[in-house]
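> With the input below, show me the fold.
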Amino acid sequence: MKFWILGIFLVGLIVVIQVNGKGGGARGGGGGGRIGGGRIGGGRIVRSYGGRTNSIKSTSTLKKAAVIGAGVYAGYKLNKAKNKFKTKKPKFSIDLDIEDDDDDQLFSRWDSWRAVDGLMCRNNNDCNWLDVDLRCEDYEVSVLNTARQTINQGWFGGQALSVVGECHCQRIGQVWDRQELECSGAEYKLVGLTLLILSLAVNFL
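So this is what the prediction gives:
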């Protein structure tokens, strides 16, 4: 019985790897191709963590608000977000009563609204300071009108009407890692989850 269960989980693991490996596509020619999360080049496989070499998704309007990035940041996540903010210094005004060079106040004001509304954006520059693969995706008109009315009206220096959408990872197979605050490859998360379930199953047998 134990071996049957182990066999089923191993098959599941293989399926997960194969299905997610097709997300980025397989390319040949030129001297290199890609298999799953890695590239083949020069006779060796180079792993691509975070899906950084996956194809960029075609743009489309969002049919509903996903509230990506909402929630309170504390400890590790708060410090990581603050360090990224200070390093990249995103070029937008948070509030007219704060000096542009007051990083701590600017970040705190942005963070208080993000915690409720998520990662709102007007263009890619409002997103890619957090991660190079994070881009601004527009809401559909009906969703946009509702979002502009319900989000904090202080966004971008009292310019909530300038919001057009929210930030999402731009590459195929990527998801927003809420713990690490970065776009990461979904295939690695699924494989890790499968291995965890397999380990638990073995322990309970």
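
> in terms of contact count, name the helices or strands touching whatever helix or strand Asn145 lives in.
Asn145 is located in helix 141-150, with elements delineated by DSSP states H and E. The criterion is 3 or more C-beta pairs under 8 Å, 6 or more residues apart in numbering; DSSP states H and E, and there are no helices or strands that helix 141-150 contacts. (C-beta placed from N, C-alpha, C; glycine too.)

> For it, could you pull out the residues that count as buried?
By neighbour count on 16 or more other C-beta atoms under 10 Å, the buried set for helix 141-150 is Val143, Leu144, Ala147, Arg148.

> quick one, strands of the chain?
32-35, 38-41, 44-47, 120-121, 134-138, 165-169, 174-177, 182-185 (DSSP state E).

> List the residues that contact Ala66.
Counting by C-beta atoms under 8 Å, 6 or more residues apart in numbering, Ala66 touches Gly118, Glu166, His168.

> err, Lys86, not the other one
So Lys86 contacts Asp103, Phe107 (C-beta under 8 Å, 6+ apart).

> now the helix holding Asn145: mean pLDDT?
Taken as a whole, helix 141-150 carries a mean pLDDT of 93.

> And stretch 84-91, by the same measure?
What stretch 84-91 shows for mean pLDDT is 86.

> Can I get it in CSV, CA atoms only?
Taking Å, rounded to 0.1, in the frame of the first residue of the first chain, the C-alpha atoms of stretch 84-91 are listed here in CSV:
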residue,chain,number,x,y,z
LYS,A,84,13.6,48.6,-2.3
PHE,A,85,11.8,51.9,-2.0
LYS,A,86,14.9,53.7,-0.8
THR,A,87,17.2,52.0,-3.4
LYS,A,88,15.0,52.5,-6.4
LYS,A,89,13.4,55.8,-5.4
PRO,A,90,10.2,55.5,-7.5
LYS,A,91,9.4,58.7,-9.2
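
> What are the buried residues along it?
Neighbour counts over stretch 84-91 (16+ other C-beta under 10 Å) mark Lys84, Phe85, Pro90 as buried.

> ok, the closest residue to Leu62 other than its chain neighbours to Asp133 distance?
Counting by C-beta to C-beta, 6 or more residues apart in numbering, Leu62 lies nearest to Tyr139, which is 5.0 Å off, once chain neighbours are set aside. Counting by C-beta to C-beta, to the nearest Å, the separation of Tyr139 from Asp133 is 20 Å.

> Below-threshold pLDDT in this protein: ranges please.
Along the chain, the model assigns pLDDT under 70 to residues 1-51, 92-101, 186-205.

> Right, I'll leave it there.
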